[in-house]
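Colleague: below are the sequence and a predicted model; questions follow.
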Amino acid sequence: MTSGVHLAGCPTRARSRTRLAAALLAIGLCLGAAPAWAGVLHLAVTTSIEASGLSAHLAASFQDATNITLRTVVAGTGQALVLGRRGDVDATLTHDAASEEALVAEGIGLERRTVMENEFVLIGPDDDPAAIAGMTDVSAALTRIATAGEVFFSRADDSGTHKAELRFWRDAGLTPAADGGGWYLKTGMGQGANLNMAAARGAYTLIDRATWLTSGNRAGLTVLVEGDPRLINRYALVLIDPRAHTHVNVTDARAFADWLTSPDGHAAIAAFQIDSAPLFRPVLEAP
């Protein structure tokens, strides 16, 4: 998956809807009919949610509960929030709190709800030449990788994973992209593709645990660093404000938000498992 946008469940080039929506709304109001897109919710989701299979699982569960069709637009967190900012989707499900809160502060996001979490892990080659295995301080481990000059692959795509990685480097007092040297490599790719490149090169990288566990290509790599509280990876739903984009389907977006944070939504998130282990945990109270 590249950092570009991929539409799941929608075969057309989907966002001519943006300019047509106001006209459709006017016609619908004049005729006393529901908007043409009622019953279809367009949601921007991250590559980790899509690649793990969670988006398809949630879409099926939500449709069973509400008869609302969920169509996902797949992008890294940064691009997903751009789609929300432009009004190209009705809601976003991403994992970078600062960016999500900024969208609400701008008056584009109507509200933000934290809905689930998993964690990032730092992975690398089985022989671990940087000797970071068992460390629980992610920034200290990154410092050791940098000092050793061992290859590290960065997504470098403004995704939630990339934003988290940059925070960890800042905590370490390092700016590897500016330090030069050939050890820090930018892929500009999604989570799965970035993992494939790390596996091919025997390199270190940061990844969310759900993508790691559901990936078919982990040869030669292993989880080396986990357990740092900073590695907790929270996902939040942001509804787009109809006062900013009058055509958005806020009714079904709110229905999804209410369902996702209900006991039924929590159960659907927890039921998504691999080898009897949940890939995501519902957040019962917003942190």
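Modeller: That came through, no problem.

Colleague: C-alpha from now on. contacts and neighbour counts both.
Modeller: Fine.

Colleague: list the residues that contact Val104.
Modeller: Applying C-alpha atoms under 8 Å, 6 or more residues apart in numbering, one finds that Val104 lies in contact with 110-112, 238.

Colleague: which residues in the stretch 101-250 of the chain form helices?
Modeller: Applying DSSP state H, counting those that start in this stretch to the stretch 101-250 of the chain gives helices spanning 138-148, 160-171, 176-179, 191-201, 209-214, 250-260.

Colleague: will you turn the ones you listed into TSV that also has mean pLDDT and mean neighbour count?
Modeller: Converted to TSV, these look like this (pLDDT from 0 to 100; neighbours: other C-alpha atoms under 10 Å):
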stretch	mean pLDDT	mean neighbour count
helix 138-148	97	19
helix 160-171	96	20
helix 176-179	74	13
helix 191-201	91	20
helix 209-214	92	20
helix 250-260	97	20
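
Colleague: among the ones you listed, which comes closest to His95?
Modeller: helix 160-171 (5.3 Å; C-alpha to C-alpha).

Colleague: counting by contacts, list what that closest one packs against.
Modeller: On a contact count with 3 or more C-alpha pairs under 8 Å, 6 or more residues apart in numbering; DSSP states H and E, helix 160-171 meets helix 138-148, strand 204-208.

Colleague: how far away from the center of its chain is that helix?
Modeller: Chain-centre distance of helix 160-171: 14 Å, with C-alpha atoms, centre = their mean, to the nearest Å.

Colleague: report the contact partners of the nearest residue in space to Ala91 that is not next to it in sequence.
Modeller: Spatial nearest neighbour of Ala91, excluding adjacent residues (C-alpha to C-alpha, 6 or more residues apart in numbering): Leu239 at 4.4 Å. Taking C-alpha under 8 Å, 6+ apart, we find Leu239 in contact with 90-92, 109-112, 250, 253-254.

Colleague: where in this protein is pLDDT low?
Modeller: 1-38, 178-180, 285-287 (pLDDT under 70).

Colleague: in which helix or strand does Leu41 reside?
Modeller: Taking DSSP states H and E as the criterion, Leu41 maps to strand 40-45.

Colleague: check what contacts that strand and list those residues.
Modeller: Residues outside strand 40-45 that contact it (C-alpha under 8 Å, 6+ apart) are 55, 68-77, 80-81, 83-84, 89-94, 249, 252-253.

Colleague: looking at these, which are in helices?
Modeller: Among the contacts of strand 40-45, the ones falling in helices (DSSP state H) are 55, 77, 80-81, 83-84, 252-253.

Colleague: related to what we said a few turns ago, can you name the residues bridging to the residue nearest to Ala91?
Modeller: Ala91, Glu111 (DSSP bridges).

Colleague: next up, phi/psi of the residue nearest the centre of the chain, please.
Modeller: Residue closest to the average C-alpha location in the chain (C-alpha atoms, centre = their mean): Thr46, at 3.0 Å. Here is the backbone geometry of Thr46 (degrees, to the nearest 10): phi -80, psi 160.
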